[in-house]
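In: Everything below, folded, please.
(2 chains)
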Amino acid sequence: MASEMVTAAFDVYRFDPARDPAPRYQRYSLDLAPHTPVLSALLKIRAEIDPTLSLRYSCRSAICGSCAMQVNSKSRLACETPIGPEIARHGRIVVEPMRNQPVVRDLVVDQEPFWRHYEQVEPHLILDPRHPMPEGVANPMTPEEVERFKETPRCIACAACFSACPAVEADPGFPGPMALAKLYRFVVDPRDQARQDRLVRIQPGGLWTCLRCHLCTEACPKDVRPSERIRDLKEMAIAAQGATEAGSRHAVGFKENIRERGVLIEAKLVRQTSGVGGMLGQLGQGVRIYRRKPEILKTPHAIEGADEVEKIYEALDRPNEDSG
Amino acid sequence: MKLAYYPGCVAQESGKELDMSTRWVCRTLGIELVEFPSFSCCGSGFVDEANEVLNVAINARNLAIAERAGLDLLTICSTCQGMLSLANLRLTDPKVRTRVDGALKPLGIEYRGTTKVRHLLEVLTKDVGLDAIRAKVRRPLAGLKVGAFYGCHLLRPADELQSESAEEPQSFENLLAAIGAEPVYYRGRVLCCGFPIQFVKPEVASRIAGRQIEDAKGHGAHAMATPCPLCHISLDAYQNQAEKAVGKSLAMPVFHLPQVVGLALGATPEELGLSRHLVPTEPALAHIRAPARA
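Out: Numbers count the residues shown, from 1 in each chain, chains lettered A, B, ... in the order given. Below is the predicted model of the structure:
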């Protein structure tokens, strides 16, 4: 058995904002079996080496979502991340608190920003009091309706996605992947009577800041696939409200742009998204780029078979009966 | 080897230096590029936001063009790579398949689903191979520290694209090492450049780009290199905005993937279109120890 042990070096983030001028990394070395979860290793460190290490955990079984943290820069549940592959890949294990939430102490963060955004999407059924659901009567859904929920209810609110999201990092007003995936869950719920309102309300400052970088989907330990549900919300939002936001104007503008010649007409895109006023605001930048890349103002030749693209649009570019 | 060349919109327009350098590198390495003036835009992720099935259909048309010619499709853009690969995947959903076929069949277009979508990075590292590239290096980039910047859609969603490890990709760094450069590892190398919201929330986009450039610089990179022309727009053409957003001078030259390879294989800066960049590349070139060939 002893031969199967590995010596694991942990560099653990330590910080008490009340006392320490700056965070530091503390090295702990332990002999462990490669399948040992990072959480078990941290608990061993706390029990046997350093009782001052603070961390949050509960179930140890990837159910409660309490032990999300960064392991070698990736947001993970510590309880289901074995040390072996981390050591093999990085030679050591750097453990840090989740990002995008202030550190309370060591690996414990204040999840207030995460929960605040969650509350703001009103994560509960909203019913119209004028049309109460009949009591004692089942309200069956079709298999197709149920299919749309297949991923979102798996969420355990661990905030790994919130920690991994670069849009949250750069814009604290962005609700983040989990809140938006939760919103999706109610927008597609046939019982919810605020579905259109939800789509309208989420757009300013919310939906269109998503970068579709899929880092949330990569970070999610439960395969909720928030980035794909946010994509669905975007399409439904356009169907509900048209292109009313900079983000939806850009998406719809881009779609219309390539319809014309089959290729992107770069010169037109900014006007489609930002309008004439926005174009003026970006004039200086445009001139800077134009000096090196004069093609930005040229209209490219249409592709061969642009008529085929047009016909595909005619066939498919109308409101999808499945959405909304 | 022979591939259906899918340059994408930007490389034919404002990012023409990417097309120039791709052609130079492929010519030098014996990759034959077959051109199809009928290829359309991939939708760049924006059409996917507006209408998922439409996006799949226009890409099924592109994939069908390569399929009829019996060729794998070569992309030089992470976003084109992502969109065309996702179209292949989404077509395995019978509901999507039916709607797409319904739009294509009346046009006499049939796509059986056999076209492989290959990015230049993969073709260089897997098909050509690092040994063959090493053997053709005329000016090793020794002395130049380069931070690879992959671009989201080359990597994610990983389980769907079946790319190399999305969390810890290695191919670009291996390629950089093969041409003599020193790869720089930094957290931002697999993160987002901010481009998708460049026109929607410019200040947020620039903050994101600025952070990745700062990160590369903080780890000692003299230059960055990217397999995606959209990342190049964010990192190079809008770097002045990124500097404003992070409140410091960055002055980070950013190469397209085939430009760094071309430099090592002996191309001149003119052949690679380096003067078309917004951030001058000369400071990076000055780090290369071997003299430039006349």
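
In: Low-confidence stretches in the stretch 1-150 of chain B?
Out: Scanning the stretch 1-150 of chain B for pLDDT under 70 picks out no residues.

In: what does it put close to chain A?
Out: Contact residues, the stretch 1-150 of chain B versus chain A (Cβ under 8 Å from any Cβ of the partner chain): B:9-10, B:12-16, B:37-41, B:43-54, B:57-58, B:61, B:99-100, B:102-104, B:106-107, B:109. No exception for glycine: its C-beta is placed from N, CA and C like everyone else's.

In: Return the subset of those residues lying in strands.
Out: The members of those all map outside strands under DSSP state E.

In: hmm, which of the residues you listed are the buried ones?
Out: For these, a burial check counting by 16 or more other Cβ atoms under 10 Å in any protein chain shown picks out B:9-10, B:12-16, B:39-41, B:43-54, B:57-58, B:61, B:99-100, B:103-104, B:107, B:109.

In: can I assume residue A:118 is in contact with residue A:182?
Out: Yes. Using Cβ atoms under 8 Å, residue A:118 is in contact with residue A:182, at 6.5 Å.

In: contacting residues around residue 14?
Out: Going with chain A. Neighbouring residues of residue A:14 by Cβ atoms under 8 Å, 6 or more residues apart in numbering or on different chains: A:20, A:23, A:24, A:25, A:26, A:53, A:106.

In: please go with chain B instead
Out: Contact analysis of residue B:14 by Cβ under 8 Å, 6+ apart lists A:266, A:289, A:293, A:295, A:296, B:233, B:237.

In: Residue A:179 and residue A:121 touch, don't they?
Out: Yes. Assessed by Cβ under 8 Å, residue A:179 is found in contact with residue A:121 at 4.8 Å.

In: Who has more neighbours out of these two?
Out: Higher neighbour count among residue A:179 and residue A:121: residue A:179, with 25 against 22, using other Cβ atoms under 10 Å in any protein chain shown.

In: measure the more buried one to residue A:122 for me?
Out: Noted for residue A:179: a distance of 10 Å to residue A:122, by Cβ to Cβ, to the nearest Å.

In: what about the stretch 1-150 of chain A, any weak spots by pLDDT?
Out: Scanning the stretch 1-150 of chain A for pLDDT under 70 picks out A:1-3.

In: Please enumerate the helices of it.
Out: Using DSSP state H, counting those that start in this stretch, the helices assigned to the stretch 1-150 of chain A run over residues A:38-48, A:83-90, A:112-120, A:143-147.

In: Between these, which one is closest to residue B:196.
Out: Residue B:196 sits nearest to helix A:112-120 of all those, at 20.2 Å, using Cβ to Cβ.

In: got the contact list for that closest one?
Out: The list of residues contacting helix A:112-120 from outside it, by Cβ under 8 Å, 6+ apart, reads A:100, A:101, A:102, A:157, A:159, A:162, A:172, A:175, A:176, A:178, A:179, A:182.

In: Up against chain B, what does the stretch 1-150 of chain A have?
Out: Residues of the stretch 1-150 of chain A lying close to chain B by Cβ under 8 Å from any Cβ are A:73, A:74, A:89.

In: List phi and psi for the residue nearest to the first one when sequence neighbours are not counted.
Out: Nearest residue to residue A:73, sequence neighbours excluded (Cβ to Cβ, 6 or more residues apart in numbering or on different chains): residue B:187, at 5.0 Å. Dihedral pair for residue B:187: phi -60, psi -40, per degrees, to the nearest 10.

In: Burial check on residue A:120, number of neighbours?
Out: Neighbours of residue A:120 under the rule other Cβ under 10 Å: 14.

In: circling back to that earlier point, now, of the residues of the stretch 1-150 of chain A next to chain B, which are buried?
Out: Among the residues of the stretch 1-150 of chain A next to chain B, the ones that count as buried by 16+ other Cβ under 10 Å are A:73, A:74.

In: where along the stretch 1-150 of chain B do the helices fall?
Out: B:9-12, B:16-29, B:46-50, B:52-69, B:78-90, B:94-104, B:120-122, B:130-136.

In: For residue A:209, find the nearest of those.
Out: Closest of the helices of the stretch 1-150 of chain B to residue A:209 is helix B:46-50, at 12.6 Å (criterion: Cβ to Cβ).

In: you'd agree residue B:16 is up against residue B:275?
Out: No. Look at residue B:16 against residue B:275 with Cβ under 8 Å: they stay out of range, at 11.7 Å.

In: and the gap between residue A:75 and residue A:166?
Out: Distance from residue A:75 to residue A:166, counting by Cβ to Cβ: 12 Å.

In: Stretch B:199-214 and chain A, any residue contact?
Out: Yes. Stretch B:199-214 lies within reach of chain A by Cβ under 8 Å from any Cβ, at B:199, B:200, B:201, B:202, B:204, B:207, B:208, B:211.
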